Structures are given as C-alpha cells and as structure tokens.
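Undergrad: predicted structure and sequence below. I'll ask about it afterward.
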Amino acid sequence: MSPARRLAPFLLLLFTSTLCNSAIVPFMPFFMVEGLGQPPWMLSVYAALAVSLTVALNRLFAKRIDGGARVFPIIGIAVAGYALASLSMAFSPTLPIMLTLGVFGFGLSATSISGMFTTGGHMAERHGIPRQTFNAWMRATTSAAWMIGPAAGFTLAGSIGPHAVFQLASALAVAWALVWWVGLPQDITAPAPPKPQADLSTASTGLWLAAAFIFCLSIAHGLTFTALPLFFVQEVGLPDFAPGMAFSVKTLVEILAIFSTSFLIARFGLTTPLMGCALLAVVAILVLSAVQTLPQMVVGAALEGLYYGLFASLGISYIQSFAKDRPAQATAVYWNTLMISGLLAAPAVGLIAELTSFGTVVLLSSAVAACAIPVLLVGTWQSKRT
C-alpha cells in the first residue's frame, strides 16, 4: 500500500474534525449579534474565554505529545468537548449556555488541530514523505473542510434558522467520534527527536520573530474573519447566504494556493513567497473593505483565499524550521499565535464596530497586515547575521 493510502484515514479524521469546527467557529459571533441580539463588544467575552482555554490546553497537550504521550485520548478529549457544546447549544441556544458549556466544549474541540498537525508530520516522516509536503496536504484538507462547513452553517441559518446550525453540529459530532475511533491508531505517538547539543538561542530568536510575522498576518485575518459576515449582511445589505458563499470561494482558492507552495519553496525558498503573501494580503483586504455587490465579494474572497492559502501553508513550515527538535511545541506556537491573534481580534472588532462600523474594522486590518512586512525583513536580516 502506498504511503498516501496509508495516511488517508488520518486525513479523513483531520477533514472531519476541521469540518466540525468550521461549521461553528465563524457562526458563533454572527449568532451572538444576529441571533441573540447582543452588542458587538460581547464578542470579546466569548472569544476571550474560549481562546484562553484553547491556548492553555494547546501548550499542555504539545508538551505531552513531545514527551511521547499517546495522541488518541488527546483527540478524544476534543471530540467530547465538541459533542458537549453542540448538544448543549442545540437544546438551549442561550447566552448563559454559550458562555459556559459552549466556551468549554468548543474551546476543547479547537485543540484538535494542533495535535493533528504534529501527529501528521510525524507520521509522514515515518512513511518517507517530507514534512513540508504533508503540511501542504494537511492544509489543503483543512481548507476543503472550511469550504464546506461555514457555507453549510450560514445556509442553514438563513433558510431554516440558527437552531439548525447547532443540530447540524450535533450530527457532525457523531461522525467525528466514529472517524476518530476507527481512523486513528490508539497507540500512535509523536515524540520529539533528541535535542541537539548546539546553542539554541539563535533558533529561539528566529522562532519568535517568525511567530511575530505569523501574528501580524493572523490578527489581520482574524479582524476580517470576525467582521466580514456582519459587514456583508448588516452594512452592505447582502443576503444571509453571502458570508457562507464568501467562505466557500475563499477556501476553494485557498486549496489551489496551498498546492502551489511546494513549488514556491523549491524555487524561491520561504522568505520571498512570504513577502509576496504579505503584500497580497494588504491588497486583498482593501478590496474586501470596498465590497458593495455579490460579484465584488467573490473577487475579494478569491484574493483573500490566495493570500491566506499561501500564508497558511508557508507559515507553518516557516515556524517549524526554527524548532526542528521540538515539533509539537513549534506547531503549538504556530496555532497558539493564531489563537491569541483571534483573542485580540475579537474585542478589537467589537470596540471598533461599536464606535464606527464593521467596514472600518476591515479597512484597518489592511494596515495590520502591512506591519508583517517590516517584521519579516527584520527576521531575514537577523537570520543572515547569524
């Protein structure tokens, strides 16, 4: 059996877990404002609680995985959390449930992605597949799930009602549990390789500069990710299905961009494509801030997918290159950087939208994306000095 076929059950599990999370994550802020009638600043309360939990658990689980702990029960905790939150919201979609069981369960479920990427990289190397290549496969798998999940959630919300989204999530939880039980070996581990004897200070500096670059582009994406559904529906006046449609277009282009990264890395390395990605991010977000019609939204979503696909695939390889002796913790730094940027983005969206508008949030996020450019230049300069 070829290595690709042997890893197919793992990719199916990654797809299923991402599908579950993607059906809920972008919908929750929308549901809080549109479904529960809460003010925009309340977005920060939910995000602060859920993301803080996820970041703390990602660090804990990463250390356990690097130390040789079994991955199967760690992913099982995420599955159980998702099932708990989905069922709770399906039976009682209220603010108190959302801020308690919803935060706890969906915060747990979000830890699955970091663990899956670490495990996937380890499994790929065991089967003779380069980690960077399998990173692209995994990013494409997650993007495919993101193409389906948000569209399904927003379409159900617009046609049936918001309660249907949580019913869908409950059904998906069952599918995730089945695929986890059947598709992931119960004894699988992904221990870190022995640490080299050389001084790691240079690598650590590069790791945190890489994390700073990831942070800038990620918080720019987090601002648009949170604000765009409400901007499209409330301020531009597009139909309720528009946010889901935008997510689908974005992720379709994202998948195509991800599969181009192996060629880009082989031809140009990591730094040059990442610089182009940052410049493209600024342009894409400016286009999104000017959307007034569905065709314009589609163009903006395609540009967003192009830059984010490149960023997602190149970024994780970039940050892992500075901590080859700590793959799980490097991957956790990557995902925690995404989580922390999301944590900061949510209150920023609420505050700015409360004072101005969601359109202003999108416009300002282009300036945040521009900050990634000097950070990458400093990181490149520093790495050439050492």
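TA: Everything's here; your move.

Undergrad: switch to C-alpha atoms for all contacts and neighbour counts from now on
TA: OK.

Undergrad: quick one: pLDDT of the residue nearest the centre of the chain?
TA: What sits nearest the mean C-alpha location of the chain, by Cα atoms, centre = their mean, is residue 338, with 6.7 Å. We have a pLDDT of 78 for residue 338.

Undergrad: who's in contact with it?
TA: 214, 215, 218, 219 (Cα atoms under 8 Å, 6 or more residues apart in numbering).

Undergrad: 10 Å instead?
TA: Shown in contact with residue 338 (Cα atoms under 10 Å, 6 or more residues apart in numbering): 51, 55, 211, 214, 215, 216, 217, 218, 219, 221, 222, 332.

Undergrad: dump those residues to CSV, plus distance to residue 69.
TA: Output for these, formatted as CSV (distance: Cα to Cα, whole Å):
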residue, distance to residue 69
51, 24
55, 19
211, 26
214, 28
215, 29
216, 32
217, 32
218, 30
219, 32
221, 33
222, 32
332, 15
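
Undergrad: which of the residues you listed sits closest to residue 295?
TA: residue 221 (21.0 Å; Cα to Cα).

Undergrad: ok, and that closest one, which helix or strand is that part of?
TA: Applying DSSP states H and E as the criterion places residue 221 in helix 201-230.

Undergrad: now the element after that helix, going C-ward?
TA: Next helix or strand after helix 201-230 toward the C-terminus (DSSP H and E): helix 242-258.

Undergrad: helices and strands around that following helix, which ones?
TA: Other helices and strands packing on helix 242-258, by 3 or more Cα pairs under 10 Å, 6 or more residues apart in numbering; DSSP states H and E, are helix 27-30, helix 131-159, helix 201-230, helix 294-320.

Undergrad: what residues sit buried inside stretch 335-354?
TA: 335-353 (16 or more other Cα atoms under 10 Å).

Undergrad: low-confidence regions, the protein specifically.
TA: 1-4, 192-204, 323-329, 342-343, 382-386 (pLDDT under 70).

Undergrad: how about the CA coordinates for stretch 117-133, as CSV?
TA: Provided in CSV are the C-alpha atoms of stretch 117-133 (Å, rounded to 0.1, in the frame of the first residue of the first chain):
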residue,chain,number,x,y,z
PHE,A,117,-0.7,18.6,12.6
THR,A,118,2.0,17.5,14.9
THR,A,119,1.0,13.9,14.6
GLY,A,120,0.6,14.1,10.8
GLY,A,121,4.1,15.5,10.4
HIS,A,122,5.5,12.6,12.5
MET,A,123,3.5,10.0,10.5
ALA,A,124,4.6,11.5,7.2
GLU,A,125,8.3,11.3,8.1
ARG,A,126,7.8,7.7,9.2
HIS,A,127,6.4,6.9,5.7
GLY,A,128,9.2,8.8,3.9
ILE,A,129,7.1,11.9,3.0
PRO,A,130,8.7,15.3,3.6
ARG,A,131,7.1,17.2,6.5
GLN,A,132,6.7,20.3,4.3
THR,A,133,4.9,18.3,1.6
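
Undergrad: related to what we said a few turns ago, wait, which of the contacts of residue 338 is closest to residue 285?
TA: Distance to residue 285 across the contacts of residue 338 (Cα to Cα) is lowest for residue 221, with 8.6 Å.

Undergrad: hmm, back to that, which element is the residue nearest to the centre of the chain on?
TA: Using DSSP H and E, residue 338 maps to helix 327-355.

Undergrad: next secondary structure after that helix?
TA: helix 358-370.

Undergrad: that next one packs against which elements?
TA: Packing contacts for helix 358-370, counted by 3+ Cα pairs under 10 Å, 6+ apart, involve helix 201-230, helix 271-289, helix 327-355.

Undergrad: I'm done for today, thanks for sticking with me.
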